[in-house]
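>>> please find the sequence and the predicted model below.
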Amino acid sequence: MTTNGEGTTAVKPLKVALLGCGVVGTEVARALTTNAADFAARVGAPLELIGIAVRRLGRERDLDVDPALFTTDAEDLVTRADIVVEVIGGIEPARSLMLRAMEHGAGVVTANKALLAADGPTLYEAAARHGVDLYYEASVAGAIPLLRPIRESLAGDQIERVLGIVNGTTNYMLDKMDSTGQSFADALEQAQALGYAEADPTADVDGFDAAAKAAILASLAFHTRVSLDDVHREGISEVSSADVLAAQQQGCVIKLLSICERSRTADGAEAVSVRVHPAMLPLDHQLASVREAFNAVFVEATGAGQLMFYGPGAGGQPTASAVLGDVVAVARHRRAGGRGPGEYAYAELPVLPMADTVTRYHVRLDVADRPGVLAQVAGVFAAHDVSIETVQQRQVTGDDGVDRAVLVVTTHAATDAALSTTVEELQKLDSVDSVAGVMRVEGTDSRGA
Ligand SMILES: NC(=O)C1=CN([C@@H]2O[C@H](COP(=O)(O)OP(=O)(O)OC[C@H]3O[C@@H](n4cnc5c(N)ncnc54)[C@H](O)[C@@H]3O)[C@@H](O)[C@H]2O)C=CC1
Ligand SMILES: N[C@@H](CC=O)C(=O)O
Ligand code: NA
């Protein structure tokens, strides 16, 4: 405790160091300075921004703070703080700086899903060893309160499944491609301009970002260490406008989904399955109406049933909201003299290979229009134990004036291995000109799906 100039008792401020002043960092710094009085009242002590680590000094910024706060010496800054906010991104130097901060007794707040998915355990163990908080609500689904509900509110329940849209950039792109027919490249450029995309947008487009988030969600939901390498990952770079059109013709929309499920190995042992891939969803599914950079996540738990979390999944201010919520939580813990709940990876469930995971496919085939072709195609599905749910056939006339047919097959649930082999075998049939599109299907009722 200290005494202020008027002789009244004042509480010692908690020192906050900010690492990174990009899209998110700028909004965190703005809020900490603009809303200082509210933060002080909510925490019971002022939050004093003692420095902002940047790569380059003297850069013009849209931020009205004391220029003396900027420093390029992040290593020194983290040793002087009670709370360190890491919004640099990437693996290094973010990891070393966070470890150094914890060694010096600081609580850490980060939005860095890439690092948590690649090497979370190193950070969780450091936090436990040094008795400090490591909070990362912003790392998954931006502003949406999701990790704390999973870690704390549902701690008395058993989570069976977490399924949703957790990447704002790709949802924005797929939405624009679907609703306005915008090109892939233009939609990506817009998402970047709006501050949704990662510094390297291939992290979004190729599904790494969604996979990192799936790893974090699965780790928390199933009390099991799941890393990025455990997650089956497919991005949206292969999604063509023909796929988008084909989905529309089926009354569906394509979304990039992250799916974390409790599952079983072939010999019946408990396991988890964690995957990210584009999938067709029927238009009446709740996730189908998630537009622009919004995220939505279903959490299914034994007792609670189905819960849905929805909101802005990316962008400076929404992400800063989650970061600041964590800052206040960590600050309150420091005031109370403790730390919040950490990670409990006691279950150690194995992660099921994608080949053994049960999914459904929508397959579009360009085939010869002659008797027996449908039976031949159906035979390949049957040979691999993949049951067909529906088949639609449309006649088309090729450029050469010859009649061809487009077959659209939707399967029942089967292992991913069986479905992949089926598609490989279909490609070898003389009567099949091409497998024009293969897309997983989620959200419609089918045996086991
Ligand atoms: N932008 C978004 O919507 C969201 C971002 N995140 C995460 O938040 C973090 C920050 O993201 P953004 O602000 O969008 O990225 P950004 O690229 O706009 O900002 C990062 C800033 O860190 C600076 N920086 C890089 N290395 C540095 C170093 N060694 N020392 C000091 N500064 C350094 C960069 O110059 C840049 O200004 C990332 O981990 C990202 O994955 C999480 C949720 C949403
Ligand atoms: N690039 C990410 C940002 C938030 O995590 C996204 O688009 O979702
Ligand atoms: Na969140």
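Sure thing, it's come through. Numbers count the residues shown, from 1 in each chain. Ligands and ions are numbered 1, 2, ... in the order given.
>>> by mean pLDDT, flag the weakest helix or strand of this protein.
Ranked by mean pLDDT, DSSP states H and E, the weakest helix or strand in the chain is strand 2-3, scoring a mean of 41.
>>> hmm, the helix or strand hosting residue 76 touching ligand 1?
Using DSSP states H and E, residue 76 falls within helix 74-77. Yes. Applying CB under 6 Å from any ligand atom, one finds helix 74-77 in contact with ligand 1 at residue 74. Using the backbone N, CA and C atoms, a C-beta is placed for each residue, glycine as well.
>>> CA atoms of whichever helix or strand comes after that helix as PDB?
For helix 74-77, the following helix or strand on the C-terminal side (DSSP H and E) is strand 83-86. The C-alpha trace of strand 83-86 is given here as PDB (Å, rounded to 0.1, in the frame of the first residue of the first chain):
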ATOM      1  CA  ILE A  83       1.100  -8.900 -15.800                       C
ATOM      2  CA  VAL A  84       2.500  -9.400 -19.300                       C
ATOM      3  CA  VAL A  85       0.200  -9.300 -22.300                       C
ATOM      4  CA  GLU A  86       1.700 -11.100 -25.300                       C
END
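>>> touching the helix or strand that strand 83-86 is followed by from outside, list them.
Where DSSP H and E defines the elements, the next helix or strand beyond strand 83-86 is helix 94-103. The set of residues external to helix 94-103 that reach it, using CB atoms under 8 Å, 6 or more residues apart in numbering, is 17, 19, 53, 74-75, 78-79, 81, 84, 86, 88, 108, 110, 112, 115, 119, 122-123, 126-127, 129-130, 132, 134.
>>> please parse this protein into its domains.
2-144+318-336, 147-311, 357-441 (automatic domain parsing).
>>> so which of these gets nearest residue 344?
domain 147-311 (5.3 Å; CB to CB).
>>> pLDDT (mean, whole number) over that closest one?
For domain 147-311, the mean per-residue pLDDT is 96.
>>> what's the span of that domain, first residue to last?
Domain 147-311 has an end-to-end distance of 14 Å (CA to CA, to the nearest Å).
>>> any part of that domain near ligand 2?
Yes. Interface with ligand 2: domain 147-311 contributes 167, 168, 169, 196, 197, 198, 204, 209 (CB under 6 Å from any ligand atom).
>>> hang on, the earlier thing: need the buried ones from the contacts of helix 94-103 selected in PyMOL.
Here is the PyMOL selection string for the buried members of the contacts of helix 94-103, based on 16 or more other CB atoms under 10 Å:
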select buried, resi 17+19+53+74+78+81+84+86+88+108+110+112+115+123+126+127+130+132+134
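>>> so which of the residues of domain 147-311 next to ligand 2 wins on neighbours?
Within the residues of domain 147-311 next to ligand 2, most neighbours by other CB atoms under 10 Å means residue 167, with 36 neighbours.
>>> how much space between it and residue 188?
12 Å (CB to CB, to the nearest Å).
>>> got it, and residue 195?
From residue 195 to residue 188 the distance is 13 Å (CB to CB).
>>> among those two, which residue is more densely surrounded?
Each of residue 195 and residue 188 has its neighbours counted (other CB under 10 Å); residue 188 has more, 24 against 20.
>>> quick one: contacts for the more buried one?
169, 173, 197, 201, 205.
>>> what about 10 Å?
Going by CB atoms under 10 Å, 6 or more residues apart in numbering, residue 188 touches 169-170, 172-173, 176, 182, 196-197, 201-202, 204-205, 236-237.
>>> mark which of these are buried, thanks.
Buried among the contacts of residue 188 by 16+ other CB under 10 Å: 169, 170, 172, 173, 176, 182, 196, 197, 201, 204, 205, 236.
>>> show me which residues of the stretch 1-150 of the chain are close to ligand 1?
19-25, 53-55, 74, 87-89, 93, 111-113, 138, 142.
>>> check which helix or strand the spatially closest residue to residue 197 that is not a sequence neighbour maps to.
Once flanking residues are discounted, residue 197 sits nearest to residue 169: 4.7 Å by CB to CB, 6 or more residues apart in numbering. Taking DSSP H and E as the criterion, residue 169 maps to helix 168-179.
>>> ok, that helix near ligand 3 or not?
No. Legend: contact between helix 168-179 and ligand 3 by CB under 5 Å from the ion is lacking; minimum distance shown is 11.4 Å.
>>> in this structure, which helix is the longest?
As assigned by DSSP state H, the longest helix anywhere in the chain is helix 316-336.
>>> which residues does the helix holding residue 76 contact?
15, 17-20, 50-55, 69, 71, 84, 86, 88, 93-94, 96-97, 100-101.
>>> the closest residue to ligand 2 within the stretch 201-350 of the chain and residue 360, how far apart?
The nearest approach of the stretch 201-350 of the chain to ligand 2 comes at residue 314, 3.8 Å away (CB to the nearest ligand atom). For residue 314, the distance to residue 360 equals 29 Å [CB to CB].
>>> surely the residue of the stretch 201-350 of the chain closest to ligand 2 is in a helix?
No. Assigned with DSSP: H, G, I helix; E, B strand; the rest coil, residue 314 falls outside any helix and is coil.
>>> off-centre distance for stretch 384-403?
Chain-centre distance of stretch 384-403: 35 Å, with CA atoms, centre = their mean, to the nearest Å.
>>> for stretch 80-97, measure first residue to last.
Taking CA to CA as the criterion, the two ends of stretch 80-97 lie 12 Å apart.
>>> can you tell me the helix or strand for the one residue in the stretch 151-300 of the chain that gets nearest to ligand 1?
Going by CB to the nearest ligand atom, ligand 1 is nearest to residue 199 of the stretch 151-300 of the chain, at 4.3 Å. Using DSSP H and E, residue 199 sits in no helix or strand.
>>> surely it is in contact with residue 90?
Yes. Using CB atoms under 10 Å, residue 199 makes contact with residue 90 at a distance of 7.4 Å.
>>> what is in contact with these two at once?
Joint contacts of residue 199 and residue 90 (CB under 10 Å, 6+ apart) are residue 114.
>>> who's more crowded, those two?
Per other CB under 10 Å, whichever of residue 199 and residue 90 has more neighbours is residue 90, with 16 against 12.
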